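1. what shape does this take:
(chains A and B)
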Protein chains: 2
Amino acid sequence: MSKIKSNRLKLYDSLSRKKQVFEPLNSPNVGMYVCGPTVYGDPHLGHARPGISFDIVFRYLKHLGYKVRYVRNITDVGHLENDADHGEDKIAKKARLEQLEPMEIAQQYADSYMDSMDALNVERPSIQPRASGHIIEQMEMVTRILDSGFAYESKGSVYFDVKKYNEKHDYGKLSGRKLEDVLENTRALDGQDEKRDNADFAIWKNAAPEHIMRWNSPWGSGFPGWHMECSAMSAKYLGQKFDIHGGGMDLKFPHHESEIAQSVAANSCEPAKYWMHNNMVTIDGQKMGKSLNNFITLVEFFTGNHDFLSQAFDPMTIRFFILQAHYRSTVDFSNEALIAAEKGFEKLMKASHTLSELVAGESSDFDVKGWKEKCYLAMDDDFNTPILIAHLFDAVKVINSAKAGKMALSIDDLALLKSTFDTFVFEILGFKADAKNNDSANMSGELIEMLLKMRHKAKMNKDWASADEIRNQLIELGVNIKDTKDGAEWEI
Amino acid sequence: MSKIKSNRLKLYDSLSRKKQVFEPLNSPNVGMYVCGPTVYGDPHLGHARPGISFDIVFRYLKHLGYKVRYVRNITDVGHLENDADHGEDKIAKKARLEQLEPMEIAQQYADSYMDSMDALNVERPSIQPRASGHIIEQMEMVTRILDSGFAYESKGSVYFDVKKYNEKHDYGKLSGRKLEDVLENTRALDGQDEKRDNADFAIWKNAAPEHIMRWNSPWGSGFPGWHMECSAMSAKYLGQKFDIHGGGMDLKFPHHESEIAQSVAANSCEPAKYWMHNNMVTIDGQKMGKSLNNFITLVEFFTGNHDFLSQAFDPMTIRFFILQAHYRSTVDFSNEALIAAEKGFEKLMKASHTLSELVAGESSDFDVKGWKEKCYLAMDDDFNTPILIAHLFDAVKVINSAKAGKMALSIDDLALLKSTFDTFVFEILGFKADAKNNDSANMSGELIEMLLKMRHKAKMNKDWASADEIRNQLIELGVNIKDTKDGAEWEI
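-> Numbers count the residues shown, from 1 in each chain, chains lettered A, B, ... in the order given. All right, here's what the predicted structure looks like:
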């Protein structure tokens, strides 16, 4: 344990509905499972939220010294259009529409998801298992649930017996639903005559002959129920009991509720010690999602190619926008909020650059150690990124004041400020400076400085014509020049 | 068929050992399967060769109007260190060494492979199935082979009965080996007492208790033999009989030979209509490979971080280097050859830029139509990229002569040259201009031009001091300046 930098970390556990001190089952190892995307469309802003939220958890735990195995699945089979075991498989439907092999669809959108996560600087999980690649593991778990008596076979499908489970255990403990309410609010749907009870859910679904994605099983040809994959794959790669299970709030019921029931039935233990749920991205107050058809894809944000968008937004702007809110609060999309995030992020990057050039003074006018402590306290308090960002902007003020000569920082404090600021901005919050054009941008910067010095010299020589010409030509190239008493400042 | 631009395409079929006219089974659809990497290490130059070679096939077939489903697998289980069903699983061994879950290793190196292929501008295949994700399909095929009588169970493993198969069919037809030679040259290894005959190969291997990657099967807990995955996955995604099966020449035996036998035994048909094999990358005349420990990884090439390398090489230089040879010839690595490739590629890119700025003349001194025809002939002749590149350099000469005013091109010919040149360079050969720094590079270029004009003006005013100062400062920034009679030329 001595390697762990902080053991004050608390996280909000959705199951106990309390902030809990984080104590991994087998420190310094941490197992974390997060529900990934169903790959039947391009990723949208709603996908960025869990991607970035759990990236922060992953990064901070690693920063603290934990050895984290982070598993995030790819759902490429079994997720029906309607959560109640009814309707068409989302991926097979898309394949039918596009006349492609379902796996071609899954590949295309899994790639597109990965590309967008890369753009957002979301670190890649340790393992990204696919549902279709773990059919055996799911069938074996279905068998164990049947053996435990909490499931029954019906016309080639296998259903989880919710009522029976609820007699011994608590189906609804995560989502806070009572079984009676679940029953009342579940619509009776076509084909549900296979079930003993409306609340039951499929853990294996028999496939109609025209269904493309199916496998032979002891119960006939079919495919696993959607909730099975996470139960089977988390157990395979993290063990039957692991530390953190995460996902979007909308997955609490029925998905995570059912995962708990499945694990208890098959393995006699709940899967995760802590449950974490990120809140939703809303647009006009409504959840953004493909099934609601009110989504904007991430690529549309990056290119600005959508009617709702007033401009293109850099991936780092999106990241900043999302981290400005705590992961358990909603984030409401608007152009104004994104433009504000863009400005905020630029300010942060500029301060980081300024900081690298600051010169130390004799003494300090700022308590860097106390500030550093506050940054850690924010993250230790359930990954409170908005508070952390507020602290970082306190530092931005100090940095800009120090640059203007209005504040001083001792050599030790300056070094500490620099390392702490960069650690939180780049390593923990996962921002990155626009490296894309960096080399050439440096070159351009040097050339601009060179031209501005020539302009300064021309002014000194009262050669106003040359000075103005340089200024005008630079403006024409898109370089803004601001004359200050310390010389000219510029910006592309 | 009317959509297909050319039906003169011939490819060398390794099985019949002849160039064959390409006639897909179900035109315009084409199914192509290529053996991908075993993901237990960073991809090296040897991996770039099949990646790029079959990327050319994929791109050219699509260019001709075919609808191609391209499947390239990822081997994440079952590939033993020694091809003769002996030794440790390559990925499990690496995991043991690094103390990671084998799937974590597979994920890491599959990601790293994908990143390098992206850098080389290799288009992503339509489907990238993983061996571990298709255990059921492999077990089902093993069962069919057992049913056909061409395999036998022995101590929890299942072996393909090569001798029996060879009585009816020809084991060795692809690699040109005779069974007697195979037998003579196969070493007897530990644990091989399970086999009836040394030539037999495992299609299911029982797993020792300490083996991490294993699945329950009718024959006990184990994992599929290495050759099974390609047979099972190609059939799943392309059908039992498809058009092209590709891979490195080193896979002809035993891998592809065994694939043919497995398919014939299980499905009563050979899997592919055409077999294509790329030749090897050699270093000092020896095959470059991880198992030979003489490899240079692609990232080492991109960064120059290897003792053998005199400098870093851009991914496009590597691509050009590989395409300068026909895919069926060996390519011998040397720094000199790569530096030459770098120069060649730059010349090509420069010509493409020059071409975009050429002004048409009244008539033409170059037969563009005939040249275009020759480019297609080269590609139609078994994807002969070195000949195509030679034709492209003929065009480069024309372009540079036209720029110097020594040759003319009519408006139609100029348009045809431009569209054809770009089609072959970018779409078919898959080169890309260095887009990374493009925006900023343009900015730098404009600033340099501005400074050179100021220098010119200073010279005109006989202000030699200022002129020299500009020149010296530019040189300091790494800008080379060459004064010509038409003004100053520069290069970063």
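2. only C-alpha atoms from now on, for both contacts and neighbour counts.
-> Will do.
3. show me the shaky parts of the stretch 351-492 of chain A.
-> For the stretch 351-492 of chain A, applying pLDDT under 70 flags the ranges A:434-442.
4. how far out from the middle of the chain is stretch A:21-32?
-> In terms of Cα atoms, centre = their mean, to the nearest Å, the centre of stretch A:21-32 is found 20 Å from the chain centre.
5. ends of that stretch, what's the gap?
-> 16 Å (Cα to Cα, to the nearest Å).
6. pLDDT of it, averaged?
-> Throughout stretch A:21-32, pLDDT has a mean value of 94.
7. what residues sit buried inside that stretch?
-> A:21, A:22, A:23, A:24, A:28, A:29, A:30, A:31, A:32 (16 or more other Cα atoms under 10 Å in any protein chain shown).
8. can these go into TSV with extra columns for secondary structure and distance to residue B:260?
-> Conversion of these to TSV gives the following (DSSP: H, G, I helix; E, B strand; the rest coil; distance: Cα to Cα, whole Å):
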residue	secondary structure	distance to residue B:260
A:21	strand	58
A:22	coil	55
A:23	coil	54
A:24	coil	50
A:28	coil	49
A:29	strand	45
A:30	strand	45
A:31	strand	42
A:32	strand	43
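9. CSV for these, including distance to chain B?
-> Shown next, in CSV, are the buried residues of stretch A:21-32 (distance: Cα to the nearest Cα, whole Å):
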residue, distance to chain B
A:21, 27
A:22, 23
A:23, 22
A:24, 18
A:28, 14
A:29, 12
A:30, 13
A:31, 12
A:32, 13
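10. pull out the buried positions in stretch A:268-288.
-> Going by neighbour count (16+ other Cα under 10 Å), the buried part of stretch A:268-288 is A:270-283, A:287-288.
11. okay, that stretch in PDB with CA atoms only?
-> The C-alpha trace of stretch A:268-288 is given here as PDB (Å, rounded to 0.1, in the frame of the first residue of the first chain):
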ATOM      1  CA  SER A 268     -23.600 -16.400  -5.500                       C
ATOM      2  CA  CYS A 269     -22.000 -12.900  -5.300                       C
ATOM      3  CA  GLU A 270     -22.700  -9.400  -6.600                       C
ATOM      4  CA  PRO A 271     -20.200  -8.500  -9.300                       C
ATOM      5  CA  ALA A 272     -18.900  -5.100  -8.200                       C
ATOM      6  CA  LYS A 273     -17.900  -3.600  -4.900                       C
ATOM      7  CA  TYR A 274     -18.700  -0.100  -6.200                       C
ATOM      8  CA  TRP A 275     -21.200   1.000  -8.800                       C
ATOM      9  CA  MET A 276     -20.600   4.400 -10.600                       C
ATOM     10  CA  HIS A 277     -23.000   6.100 -13.000                       C
ATOM     11  CA  ASN A 278     -22.400   9.100 -15.100                       C
ATOM     12  CA  ASN A 279     -25.300  11.400 -15.800                       C
ATOM     13  CA  MET A 280     -26.600  12.200 -19.200                       C
ATOM     14  CA  VAL A 281     -25.900  14.900 -21.900                       C
ATOM     15  CA  THR A 282     -29.200  16.700 -22.600                       C
ATOM     16  CA  ILE A 283     -30.300  18.800 -25.400                       C
ATOM     17  CA  ASP A 284     -33.200  21.000 -24.700                       C
ATOM     18  CA  GLY A 285     -33.500  19.200 -21.400                       C
ATOM     19  CA  GLN A 286     -33.900  15.800 -23.000                       C
ATOM     20  CA  LYS A 287     -31.400  12.900 -23.000                       C
ATOM     21  CA  MET A 288     -29.300  12.900 -26.200                       C
END
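12. tell me the residue of chain A that sits nearest chain B?
-> At 3.4 Å from chain B, residue A:133 is the closest residue in chain A, using Cα to the nearest Cα.
13. and that residue, that one's in a strand?
-> No - counting by DSSP: H, G, I helix; E, B strand; the rest coil, residue A:133 is located in no strand; its state is helix.
14. which of the buried residues of stretch A:268-288 sit farthest apart?
-> Farthest-apart pair in these is A:270 and A:283; separation 34.8 Å (Cα to Cα).
15. circling back to that earlier point, who's in contact with the residue lying closest to the residue of chain A closest to chain B once chain neighbours are set aside?
-> Spatial nearest neighbour of residue A:133, chain neighbours left out: residue B:133 (3.4 Å); criterion: Cα to Cα, 6 or more residues apart in numbering or on different chains. Applying Cα atoms under 8 Å, 6 or more residues apart in numbering or on different chains, we find residue B:133 in contact with A:130, A:132, A:133, A:134.
16. how about residue A:305?
-> A:311, A:312.
17. could I get the phi/psi values of it?
-> Residue A:305 adopts backbone torsions of phi -90, psi 70, taken as degrees, to the nearest 10.
18. quick one, domains of chain A?
-> Structural domains assigned to chain A are A:10-278, A:283-428, A:439-491, following automatic domain parsing.
19. alright, calling it a day.
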